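Student: Fold the following and give me the result.
(chains A and B)
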Amino acid sequence: MAVPILKQGDILIATIQAALSDADLLALRDDLVNRVGRFRSRGVIVDVTVLDVMDSFAVRTLRGIAHMTKLRGAETVVVGIQPDVAFAMVELGLTLEGMEAALDLEEGLLLLQRRMSGGSERDR
Amino acid sequence: MKADRANLVQSPDTLAQMMGITDTEIARRKEWLEFTEEDVQRIASISDFARQIQDEVIDGLYTHFLAFDEVRAFFKDSQILERVKALQKAYFIRLTQGSYDRAYVEERINIGSVHGRIGLDTKWYLGAYNFHMRAIARRIFVEFAGEPEKALEIFLSLVKLEFFDIGLALDTIFAQREHTIRQQQDAIRELSTPVLQVRDRLLILPIIGMIDTLRARQLTEQLLRSIRDTRARVVVMDITGVPAVDSRVANHLIQTVDASRLMGAIVIVTGLSAEVAQTLVTLGVDLSKLNTVGDLQGGIEQAERILGYRVIQTEVAAAPFAGA
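Tutor: Residues are numbered from 1 along each chain as shown, chains lettered A, B, ... in the order given. Modelled structure (predicted):
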């Protein structure tokens, strides 16, 4: 199932709608990396609110998205990780190093806007 | 009525079960003391003699007891004193009656649990047994003056039996205390760790008491839910009340911090004491992932900076009782 990607100004928003297969994840990655270049985006938000499981492949792919978009000039923020998912990830030793996480879409947008206006987290 | 209530709270039967006193265990205890059928017969042989001397032995015991204020406090009422004395005499006679079976053991456990419940220190309890043994020894050796070897054997048999009883009573007292400690630990664990909101988007999580795996899990789950519900961006976790932090506890804390980060919240850990800091550095625990500040105040101040709050002192409010 393909993941719709919305463009909102400088930011791309990918909202995952249902559990994804590994192939879907890879398609999402390729799609995002392409579009970052095409739209000259500076931020990417991946919304995982609906996911109640994040396996190591999903985490690795997300990390891949973050690193690849970074190389093309866009920051990636993962939003909407649920408490149970967060806990399970930590227990499995899965981390999102190299990328940011935010509570939900709204927070993610705020975070990216602050980043893009040049300020760091501390001096909002 | 008191006894009824006590039975409701904890019947000696369940106590015996809790202590793992089975028929095999009773046999093992006797084996350990080398308490045999011969001992039973030797003790039985003095049952008439025991009846003769019971009054003077027990009266002597209580005269000795009542010289001590701490013990006297248990016998404020002369009725209680008389009743306990009667029980002691009955016990003395019972000692020489044979059949030291399950029923006998349960009786001993019951006595032990009563002593445990009234909080009689074991030193008084052991002292009483010691006095009892000495009093009996003297009288046995007088009674069997012509046969000192026989007297010694009888006395040694009695000593074995009394040690058997002491062992049961003490184990009961310890089992009760351990039971109480376990109950209290459960109670502490069940006390939920509060997650408090001090400002919009700012939570504090004061942790008090030991952190084990189970508690760390509960705590993390609760914190994550609170982060989602209050949309918190910063959490100040204060561990001033955590008595010991070793590498295991530190790992739990790191997990909590990582999980919070996945939900987009920054965690500031405060209240690491000098000892804790020393332990962690000595153990080589990597805390580079933790954002630590000395105390809770500093943590809240930093959190406010991150959230963009600025506290300004406008004017000093008049002290309520100034000039009064």
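Student: Which helix or which strand is home to the closest residue to residue B:95 other than its chain neighbours?
Tutor: The shortest distance from residue B:95 to any non-neighbouring residue, by CB to CB, 6 or more residues apart in numbering or on different chains, is to residue B:161 (6.2 Å). C-beta here means a position set from N, CA and C on the backbone, and glycine is covered the same way. Residue B:161 belongs to helix B:148-190 when assigned by DSSP states H and E.
Student: can you pull the contacts of the single nearest residue of the stretch 101-250 of chain B relative to chain A?
Tutor: Going by CB to the nearest CB, chain A is nearest to residue B:224 of the stretch 101-250 of chain B, at 3.4 Å. Residue B:224 makes contacts with A:83, A:84, A:86, A:87, B:259, B:260, B:263, as judged by CB atoms under 8 Å, 6 or more residues apart in numbering or on different chains.
Student: Relative to residue B:173, how far out is the nearest residue to residue B:175 once chain neighbours are set aside?
Tutor: Once flanking residues are discounted, residue B:175 sits nearest to residue B:19: 4.7 Å by CB to CB, 6+ apart. To residue B:173, residue B:19 is 11 Å away according to CB to CB, to the nearest Å.
Student: Then residue A:27?
Tutor: Relative to residue B:173, residue A:27 is positioned 70 Å away (CB to CB).
Student: Not counting sequence-adjacent ones, nearest residue to the residue of the stretch 101-250 of chain B closest to chain A?
Tutor: Nearest in space to residue B:224, with sequence neighbours left out and distances taken as CB to CB, 6+ apart, is residue A:83 at 3.4 Å.
Student: picking that back up, tell me which helix or strand the residue of the stretch 101-250 of chain B closest to chain A sits in.
Tutor: Assigned by DSSP H and E, residue B:224 falls in helix B:213-230.
Student: Report the angle between the helix or strand just after that helix and helix B:213-230.
Tutor: Next along the chain after helix B:213-230, taking DSSP H and E as the criterion, comes strand B:234-241. Between strand B:234-241 and helix B:213-230, the angle comes out at 150 degrees (axes from the mean of the first three to the mean of the last three CA atoms, to 10 degrees).
Student: Any residues of chain A in contact with chain B? List them.
Tutor: Within chain A, the positions near chain B by CB under 8 Å from any CB of the partner chain are A:78-79, A:81-87, A:89-91, A:95-96, A:100-104, A:107-108, A:111, A:121-122, A:124.
Student: Mind checking which of the residues you listed are in strands?
Tutor: Residues of the residues of chain A next to chain B located in strands (DSSP state E): A:78, A:79, A:100, A:101, A:102.
Student: Please verify my assumption that residue B:88 contacts residue B:55.
Tutor: No. Counting by CB atoms under 8 Å, residue B:88 does not reach residue B:55; the two are 10.7 Å apart.
Student: shaky segments in chain B?
Tutor: Scanning chain B for pLDDT under 70 picks out B:1-13, B:189-190, B:192, B:318-319, B:321-324.
Student: what sits against residue A:19?
Tutor: If a contact means CB under 8 Å, 6+ apart, then residue A:19 has A:50, A:51, A:53 as its contacts.
Student: do the same with residue A:91
Tutor: Contact partners of residue A:91, counting by CB under 8 Å, 6+ apart, are residue B:255.
Student: Quick one: name the residues of chain B near chain A.
Tutor: Within chain B, the positions near chain A by CB under 8 Å from any CB are B:217, B:220-221, B:224-225, B:227-228, B:231, B:233, B:255, B:258-266, B:305-308.
Student: Among those residues, name the buried ones.
Tutor: Burial by neighbour count, 16 or more other CB atoms under 10 Å in any protein chain shown: within those this picks out B:220-221, B:224, B:227-228, B:231, B:233, B:255, B:258-266, B:306-307.
Student: Fine by me, we can end here.
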